[in-house]
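Q: I would like to see how this sequence folds:
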Amino acid sequence: MVLYDDGSLVDLRWGSGPIVNALTASGLQTVVERFRESGLFTKSRGIPAPQVAMGFTTYRLTFVDGARSITVSAANVSSDRESRALVALGDGMLEAGTWLPGDAFAADGRLAHPYLARSTIVTSESVPLRPSDWTNWWQSLARISWPLSTPATQLGDPIAVADQPGRALRCGIIDGVAESRIRSALAGMAFDRTGSEFRTTSWILWLPEPALLRLTLRPLLPHEPAACDAATLPARPTLAAAPRPSLASLLEAGASGWTPASTKPELFVEAFEPGGEEPVAHVSYYSDGTVLFRDPPSPAVGIGARRLSPAGKAAVDKLLADSGLMGASYTEDVAETAPPHGMYTLVRDSVVLNGTDLGLHRRATRIVSLVERLVDPMSWLPAGSWIGDPDTVLPFRPASIRLDIELTAWSARDGVLIPVSNLRWPLPGSMSSFGKVEDPVYYPDNRSGSLSPDAALAIMRALASAGVVPEGNSTFVRYYLAGDQPETAVILGFFIESAGDWGP
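A: Numbering: from 1, shown residues only. Okay, here's the model as predicted:
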């Protein structure tokens, strides 16, 4: 929180970006007098605190009184008078509306307004990709009408990064109007907010070269110098850090794609890099010979499809039978002190196999070898194993999409949401009449139903038009809107339906 001498109270804690409340002259004076009368700001210091391993918060308050700038810190585990007083003062500033009188705020001052910076740091950096790398069409810069005369790849001037030679990073200063125009143009695209202040917003976007572009905006506070700060420069863009394609982009790209004959795969395999939480490879095999895999090259998005011929399917079945691993489940026992390792998983009916690449157990090593072949069937299947061109990747089109509509509690402190009334429901009927209530006793306001991909995409487009940003991936996505009732939110959750919980 930063309070300025014009009464602007800037709150940097919001995930949606900084917000501002406005204090009147009398409200500002009330706060200043409270700081002065506390007697805490005689000199800059840290008030000693007991040694505690965890479970505490440190408060640091800076009071600029005339020519003096005094910073005092304390922890909320301390019981001395000064520490308790400083913590109370800090908590009071975090919730100023709970103790300041109504006339301490300017008109509508209790309502948060977005912060518009006079100056904003902008950085851009692009790195080349291989033609075979996966793409996220939804994050393509070509999708938008770029709002500035300077191209996104040319914003700012080249800047060197210590200990990182060869980076093509640019950094410059734009005004708040240009920042707002960029944000409006990129509305609906996935972004990251970094730092405890939630000020820095970063987008990783695809360029047609092909290449990745990281574009970052950091609005400056009024007292901060309008200059590039080496301490806040973003990391180089990488595919590993890039946002996965959304379900909406998968449906968009798969309008004329391939739909497997069954909804549940016969078999799926996954491979994880050391320490990875997301699989680097996920491949599913279906009874009709369809093979679905994540991160396909363009033009497929999110999930790509190939089709095994009867001979190819027989070759896969023989590989499984010859492995001798399909009779029972097995999970390799790995000590917590083991070095970093990759994890390999195979699931078929009730058989679940998990092994690592540590090379400690023969059975685990065989699992790794089997999974490595199944995640890359193109590398070993003979000619005639595929229907059509084996190098052609088909877009995937799900058979149906499930939509769950949930009403839940939501505080303004959880984030600013777009009102549900802004959504124009594109289907016959209304959102309140969609589907059916699954549990009328405990969740009478929650509704669920199945949609065609086209109907699901129509709702997602309406949500994007309303400015709602999705959270999710290629198989599942949520949208949060402010409910009609106070302190409520409406959650629209879309996911690919399948018989069971595997998904594609």
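Q: Domains of the chain: list them as residue ranges, please.
A: Following automatic domain parsing, the chain resolves into domains at 2-114, 119-232, 260-395, 401-496.
Q: quick one, which of these is nearest to L250?
A: In terms of C-beta to C-beta, the element of these nearest to L250 is domain 260-395, at 4.0 Å. No exception for glycine: its C-beta is placed from N, CA and C like everyone else's.
Q: Specify which residues of the stretch 101-250 of the chain, grouped into ranges, have pLDDT under the cut-off.
A: Judged by pLDDT under 70, the stretch 101-250 of the chain has its weakly predicted residues at 108-111, 194-197, 231.
Q: Kindly reformat the domains of the chain as TSV containing distance to A241 and mean neighbour count.
A: Output for those, formatted as TSV (distance: least, C-beta to C-beta, whole Å; neighbours: other C-beta atoms under 10 Å):
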stretch	distance to A241	mean neighbour count
domain 2-114	19	15
domain 119-232	6	16
domain 260-395	11	17
domain 401-496	15	16
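Q: nearest to L247, of the ones you listed?
A: Closest to L247 of those is domain 401-496 (C-beta to C-beta; 4.5 Å).
Q: avg pLDDT for that closest one?
A: The predicted model gives domain 401-496 an average pLDDT of 92.
Q: coming back round to it: switch the domains of the chain over to CSV; also include distance to S249.
A: CSV is the format used below for those (distance: least, C-beta to C-beta, whole Å):
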stretch, distance to S249
domain 2-114, 23
domain 119-232, 3
domain 260-395, 5
domain 401-496, 8
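Q: and A240, which of those is closest to it?
A: domain 260-395 (8.9 Å).
Q: ok so, going back, out of the domains of the chain, which comes closest to L239?
A: Among the domains of the chain, the nearest to L239 by C-beta to C-beta is domain 119-232 (6.1 Å).
Q: Show the contacting residues for G449.
A: R402, L403, F434, G435, K436 (C-beta atoms under 8 Å, 6 or more residues apart in numbering).
Q: who are the neighbours in contact with E471?
A: By C-beta under 8 Å, 6+ apart, E471 lies in contact with V477, R478, Y479, Y480.
Q: And the second one, how close does it get to V301?
A: Distance from R478 to V301, counting by C-beta to C-beta, to the nearest Å: 19 Å.
Q: what do you get for the first one?
A: Using C-beta to C-beta, V477 is found at 14 Å from V301.
Q: Over to the last one?
A: Distance from Y480 to V301, counting by C-beta to C-beta: 24 Å.
Q: Equivalent analysis for the third one, please.
A: With distances defined as C-beta to C-beta, the gap from Y479 to V301 amounts to 19 Å.
Q: those helices in the stretch 151-300 of the chain, which residues are they?
A: With helices called from DSSP state H, counting those that start in this stretch, the stretch 151-300 of the chain shows them at 176-185, 247-253.
Q: Adding distance to R461, write those helices out as CSV.
A: Below are the helices of the stretch 151-300 of the chain laid out as CSV (distance: least, C-beta to C-beta, whole Å):
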stretch, distance to R461
helix 176-185, 17
helix 247-253, 8
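Q: out of the ones you listed, nearest to D322?
A: helix 247-253 (34.6 Å).
Q: what helices or strands is the closest one leaning on?
A: helix 453-465, strand 476-482, strand 488-496 (3 or more C-beta pairs under 8 Å, 6 or more residues apart in numbering; DSSP states H and E).
Q: Turn the ones you listed into CSV, including distance to S262.
A: Below are these laid out as CSV (distance: least, C-beta to C-beta, whole Å):
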stretch, distance to S262
helix 453-465, 17
strand 476-482, 20
strand 488-496, 13
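Q: right, and those - which one's nearest Y442?
A: strand 488-496 (16.1 Å).
Q: picking that back up, Y286: which of the helices and strands packed on helix 247-253 is closest?
A: Proximity to Y286 (C-beta to C-beta) singles out strand 488-496 among these, at 13.4 Å.
Q: So what's the gap between that closest one and the chain middle?
A: 16 Å (C-alpha atoms, centre = their mean, to the nearest Å).
Q: now for that strand, which elements pack on it?
A: The contact analysis (3+ C-beta pairs under 8 Å, 6+ apart) places strand 488-496 against helix 247-253, strand 401-409, helix 453-465, strand 476-482.
Q: Can you lay out those as TSV showing distance to W138?
A: TSV is the format used below for those (distance: least, C-beta to C-beta, whole Å):
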stretch	distance to W138
helix 247-253	3
strand 401-409	16
helix 453-465	10
strand 476-482	11
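Q: do you know which of the ones you listed lies nearest S69?
A: Closest among the helices and strands packed on strand 488-496, using C-beta to C-beta: strand 476-482, at 39.4 Å.
Q: what does the closest one rub up against?
A: Against strand 476-482 from outside (C-beta under 8 Å, 6+ apart): 246-248, 410, 415, 417-420, 422-423, 460, 463, 466, 468-472, 488-496, 503.
Q: I'd say P444 and E438 touch.
A: No. P444 is not in contact with E438 according to C-beta atoms under 8 Å; the separation is 10.1 Å.
Q: With respect to G257, which of the contacts of E471 is nearest?
A: Nearest to G257 among the contacts of E471, with distances taken as C-beta to C-beta, is V477, at 17.9 Å.
Q: What's opposite that closest one in the beta bridge?
A: As for beta bridges, V477 partners with G472, F494 under DSSP bridges.
Q: Do you have the strands of the stretch 1-150 of the chain handy? List them.
A: With DSSP state E, counting those that start in this stretch, the ranges of strands along the stretch 1-150 of the chain come out as 2-3, 8-11, 19-22, 45-46, 58-65, 68-75, 113-114, 119-128.
Q: Using CSV, lay out these together with distance to I174.
A: Below are the strands of the stretch 1-150 of the chain laid out as CSV (distance: least, C-beta to C-beta, whole Å):
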stretch, distance to I174
strand 2-3, 21
strand 8-11, 19
strand 19-22, 20
strand 45-46, 37
strand 58-65, 28
strand 68-75, 29
strand 113-114, 17
strand 119-128, 5
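Q: if you average pLDDT over each of these, which comes out lowest?
A: strand 113-114 (a mean of 84).
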